[in-house]
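K.L.:
Quick one: sequence plus predicted model below, questions after.
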Amino acid sequence: MITTAGRKLIASLNETQAEAVSNCSGPLLVLAGAGSGKTRVLTHKFAWLVSEMGVAPSSILAVTFTNKAAREMQGRVRKLLDTDLKGLDIGTFHSFGLRFLIRNSKDLQRIAGRKISTIIDRSDVRSLVKGIMKDLDIDQKRFEPGWVIESISRGKVEGDQKLLIPRVLEYPVDSIFQKYQQILIRQGSADFDDLLVLPLHLMLNDRELLNRERERFEWILVDEYQDVNRPQYMLLKLLAGDDAHIMVVGDPDQSIYGWRGADMNMILNFEKDFPRSRVVILEQNYRSTSNILGAANGVIRNNSRRKPKKLWTSRANGEKIHVLLARNEREEAAFVAGEIMRLRETGYPFKDIAILYRINAMSRLYEEALLRNDIPYRIVRGTAFYERREVKDVIAFMRLAVNPFDSAALERIGNVPTRGLGKKSLEKTGEYIDRNPSIFAEMIWKEISQSGAGLAGKAKQGVCELAVHMGRILERRTDIPSVIDYIMLEMSYEDELGKFDPEGWRERAENVRELLSVITSEGGLETMLAEIALVTDLDIMDEDTERVSLMSLHAAKGLEFPAIFLAGLEETIFPHYRCMDDPDNLEEERRLCYVGMTRAEERLYMTAARSRVLFGMTQRNGFSRFLWEIPDEFKSTEDRGEEESSFAGGWPNRRRWGW
DNA sequence: CCCCGTTAACTTTTT
DNA sequence: GTTAACGGGG
């Protein structure tokens, strides 16, 4: 029996969407092609569960990949249910993990002997690993820190979560890992992987805890299932239990995070993993014109490992894909800017337009072209907003205040503004803190402000001052705006910004204030610090401003724009040279291209340059194979031809031959 | 011990 | 063009 409310919920859906929403009899896999209404299905499912199945909203766990997706889902669910629901558990895997660890912190201490006060991000991990490598005398040229970090992460993620030991590692990663882990535990910090692995560890070792968590969630909804990695999968499996009230939504063709450990097999094997499961395939695309869809299908068709799926649309053909083969990257960028102006005249506001590229290093080129044409833009870096120096500094002040054992924070801002604490003194201070018998931050800072941490002279004075400041921050811990004021004014960090960056300090100070708008200040300093690490640039982008968006293809996942420029379509850039040797990686690149193309609703431009100056070198790499994979019927190619050789003198790094 | 200049190296994608 | 590491002067 379906209620009126239920009928209303379903009325706006097509047949397969409705099937996905109303079928609650067992595990459900929704294969949702690009633009087929996947978020719609998720939100309606949520509402259906509440209004038709009588499930309490708080016992539905909904996980997404970005905070932005979570927020959007939350908003749409609220609207559908037309209530002011509290306790909606919609968030990212990582924020779920974090909240899990917070609410089970006693068990975390008991079972794993760990306490989480800080989440460390990529750059923290980087400096930590580099420091360790230095200590262990490991050549950073032979073993790139980036590679080491990746190996550590892989080791952790693919390890034995019950025993909490990594996969077998080789020298030198094994010894670095050990030290790394030791430091994390001592500092009371967790990396991103810990947020997934530690909850698993707890549930695998404590039956009662597992049951408690299982009972919490009657239903589980998962977005972007094609991008889950092993611990995420295990988490879901464990929480779902035998009766498996779970619906996952995803598209294998949009799996683009394999390099980060995402495993497409999870979605390909769903039916085997979850017995008695059903599959619903959404193939009608509501987003793009049929030319765009045809072109995208033409590209993705070249992948061998996929579930065949034929997306279709009832929309008109629309314009053909405009392929531009430019002479050089400057011409390409100028074309993009010019075309944007033209589009605007034909009725596309700037906010409907996006430029996508494979590597962030390319953003500057298009940025400059837009600047020259007075086109407003914003760059969306997928990376953490708080990786901006000023934001990071301010957070480091707070982190250190709350957690004196956070040596990364100490090193970062112990001497900011300068107070006579050099590298050596900071090191000594760190050691002194580690030896401190107290575990309470207040007492540690108080003690140091009197003792001077065993230092002498100027350094002693400096460390006392630092400790006093830290104490003051703690006193304000429930009032975050006042903490920020204290740091900016009393600790004269604002002056410091002015010294460091005389032109941009105003904007930087503004960024710090922006921090306040991102965070929920209830819950005080500690909660905020934990959550802030999970907030990215993407999450604070304001959609309504009249600006063109610039972002990497990865950052564009889940977004859509009426007009899209896909730039830099040249071999070794896209596909990227580090992905070209291995067929699996190449297929991921192709999926990335597919993702990019299907972001477009009406207009799609794909541009390439015969020669490109990148990283200070002129390269001629040939046009991307993806361009040739687009069937001719869907594209119109504009070839600007060869560069005139008489201008060859203008190329400083031009190779002598090779083309 | 700190600061500032220089040089050198290096550039995928990110929760 | 950019940031990180290094070395010499204060």
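P.N.:
Arrived safely, thanks for sending. In this text the structure is predicted, and so the values were computed from the model without any measurement.
K.L.:
Need the contact partners of stretch A:175-187.
P.N.:
Applying C-beta atoms under 8 Å, 6 or more residues apart in numbering, the contact partners of stretch A:175-187 are A:113-114, A:118, A:120, A:128-129, A:132-133, A:135-136, A:138, A:148, A:152, A:155-156, A:166, A:169, A:190-191, A:194, A:403, A:405-408, A:434. (C-beta placed from N, C-alpha, C; glycine too.)
K.L.:
make it 6 Å
P.N.:
Here stretch A:175-187 makes contact (C-beta atoms under 6 Å, 6 or more residues apart in numbering) with A:Arg114, A:Ile132, A:Val148, A:Ile152, A:Leu169, A:Phe405, A:Asp406.
K.L.:
That stretch and DNA strand B, are they touching?
P.N.:
No: for stretch A:175-187 and DNA strand B, the contact criterion (C-beta under 7 Å from any atom of the strand) is not met; the two come no nearer than 14.7 Å.
K.L.:
Average pLDDT for that stretch, rounded please.
P.N.:
Confidence over stretch A:175-187 (mean pLDDT, whole number) is 89.
K.L.:
elements contacting the host helix or strand of A:Leu586?
P.N.:
Using DSSP states H and E, A:Leu586 sits within helix A:583-597. In terms of contacts (3 or more C-beta pairs under 6 Å, 6 or more residues apart in numbering; DSSP states H and E), helix A:583-597 is packed against helix A:290-300.
K.L.:
Just list the residues touching the spatially closest residue to A:Ser624 that is not a sequence neighbour, thanks.
P.N.:
Excluding the flanking residues, the one nearest A:Ser624 by C-beta to C-beta, 6 or more residues apart in numbering is A:Leu569, at 3.9 Å. For A:Leu569, the contact set (C-beta under 6 Å, 6+ apart) comprises A:Met606, A:Ala608, A:Ser624, A:Leu627.
K.L.:
Would you point out the most distant pair within the residues you listed?
P.N.:
Greatest spatial distance in the contacts of A:Leu569: A:Met606 and A:Ser624, 8.5 Å, computed using C-beta to C-beta.
K.L.:
between those two, who's got more neighbours?
P.N.:
A:Met606 (29 against 22; other C-beta atoms under 10 Å).
K.L.:
Would you mind measuring from the residue in the stretch 501-650 of chain A that DNA strand B sits nearest to to A:Ala361?
P.N.:
Evaluated by C-beta to the nearest atom of the strand, the stretch 501-650 of chain A has A:Phe615 as its residue closest to DNA strand B, separated by 2.8 Å. Relative to A:Ala361, A:Phe615 is positioned 7 Å away (C-beta to C-beta, to the nearest Å).
K.L.:
ok, those two, which is more surrounded?
P.N.:
A side-by-side neighbour count of A:Phe615 and A:Ala361, using other C-beta under 10 Å, places A:Ala361 first with 12 against 7.
K.L.:
any idea how far A:Leu61 is from the more buried one?
P.N.:
Separation of A:Ala361 from A:Leu61 (C-beta to C-beta) stands at 38 Å.
K.L.:
Then A:Leu371?
P.N.:
Going from A:Leu371 to A:Leu61 by C-beta to C-beta gives 45 Å.
K.L.:
Kindly report the same for A:Lys320.
P.N.:
In this view, A:Lys320 and A:Leu61 are 44 Å apart by C-beta to C-beta.
K.L.:
Please apply the same query to A:Ala555.
P.N.:
For A:Ala555, the distance to A:Leu61 equals 26 Å [C-beta to C-beta].
K.L.:
likewise A:Ala32?
P.N.:
Distance, A:Ala32 to A:Leu61, by C-beta to C-beta: 19 Å.
K.L.:
When those two are compared, which one has more neighbours?
P.N.:
A:Ala32 (29 against 22).
K.L.:
quick one, phi/psi of the closest residue to the more buried one other than its chain neighbours?
P.N.:
Closest residue to A:Ala32 apart from its sequence neighbours, by C-beta to C-beta, 6+ apart: A:Lys38 at 3.7 Å. For A:Lys38, the backbone dihedrals (degrees, to the nearest 10) come out as phi -70, psi -40.
K.L.:
how many neighbours does A:Lys38 have?
P.N.:
Per other C-beta under 10 Å, the neighbour tally for A:Lys38 reads 23.
K.L.:
Same question for A:Ser12.
P.N.:
Neighbour tally, A:Ser12, other C-beta under 10 Å: 11.
K.L.:
Same question for the one 4 residues further on.
P.N.:
The local packing of A:Thr16 (other C-beta under 10 Å) involves 19 other residues.
K.L.:
From DNA strand C, how far off is it?
P.N.:
48 Å (C-beta to the nearest atom of the strand, to the nearest Å).
K.L.:
buried stuff in the helix or strand containing A:Glu72?
P.N.:
Element membership for A:Glu72, per DSSP H and E: helix A:67-81. By 16 or more other C-beta atoms under 10 Å, the buried positions in helix A:67-81 come out as A:Asn67, A:Lys68, A:Ala69, A:Ala70, A:Glu72, A:Met73, A:Gln74, A:Arg76, A:Val77, A:Arg78, A:Leu80, A:Leu81.
K.L.:
Do any residues in whichever helix or strand comes after it lie close to DNA strand B?
P.N.:
Downstream of helix A:67-81, the next assigned helix or strand under DSSP H and E is strand A:89-92. Yes: shown here: strand A:89-92 in contact with DNA strand B (C-beta under 7 Å from any atom of the strand) through A:Thr92.
K.L.:
in the stretch 301-450 of chain A, what residue is nearest DNA strand C?
P.N.:
The minimum distance from the stretch 301-450 of chain A to DNA strand C, using C-beta to the nearest atom of the strand, falls at A:Arg364 (6.8 Å).
K.L.:
what does the helix or strand that contains that residue rub up against?
P.N.:
Following DSSP H and E, one finds A:Arg364 within helix A:363-372. The contact list for helix A:363-372, computed with C-beta under 6 Å, 6+ apart, reads A:Glu329, A:Ala333, A:Ala334, A:Ala337, A:Ile355, A:Tyr377, A:Ile379, A:Leu550.
K.L.:
and the contacts of A:Leu569, which of them are in helices?
P.N.:
Counting by DSSP state H, the part of the contacts of A:Leu569 found in helices is A:Leu627.
K.L.:
Pull the number of nearby residues for the nearest residue to A:Leu164 once chain neighbours are set aside.
P.N.:
Of all residues not flanking A:Leu164 in the chain, A:His201 sits nearest, at 4.9 Å (C-beta to C-beta, 6+ apart). By other C-beta under 10 Å, the residues close to A:His201 number 22.
K.L.:
helices or strands next to the strand or helix carrying A:His201 in the packing?
P.N.:
Assigned by DSSP H and E, A:His201 falls within helix A:194-205. Packing partners of helix A:194-205 (3+ C-beta pairs under 6 Å, 6+ apart): helix A:93-103, helix A:230-240.
K.L.:
that older thread, can you dump the C-alpha coordinates of the helix holding A:Leu586 into PDB?
P.N.:
C-alpha atoms of helix A:583-597 as PDB (Å, rounded to 0.1, in the frame of the first residue of the first chain):
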ATOM      1  CA  PRO A 583      46.200  -0.200 -19.600                       C
ATOM      2  CA  ASP A 584      44.200   0.100 -16.400                       C
ATOM      3  CA  ASN A 585      45.500   3.600 -15.700                       C
ATOM      4  CA  LEU A 586      44.800   4.600 -19.300                       C
ATOM      5  CA  GLU A 587      41.200   3.400 -18.900                       C
ATOM      6  CA  GLU A 588      40.900   5.500 -15.800                       C
ATOM      7  CA  GLU A 589      42.100   8.500 -17.800                       C
ATOM      8  CA  ARG A 590      39.400   7.800 -20.300                       C
ATOM      9  CA  ARG A 591      36.800   7.600 -17.600                       C
ATOM     10  CA  LEU A 592      38.100  11.000 -16.400                       C
ATOM     11  CA  CYS A 593      37.500  12.300 -19.900                       C
ATOM     12  CA  TYR A 594      34.100  10.800 -19.900                       C
ATOM     13  CA  VAL A 595      33.300  12.500 -16.600                       C
ATOM     14  CA  GLY A 596      34.500  15.800 -17.900                       C
ATOM     15  CA  MET A 597      32.500  15.600 -21.100                       C
END
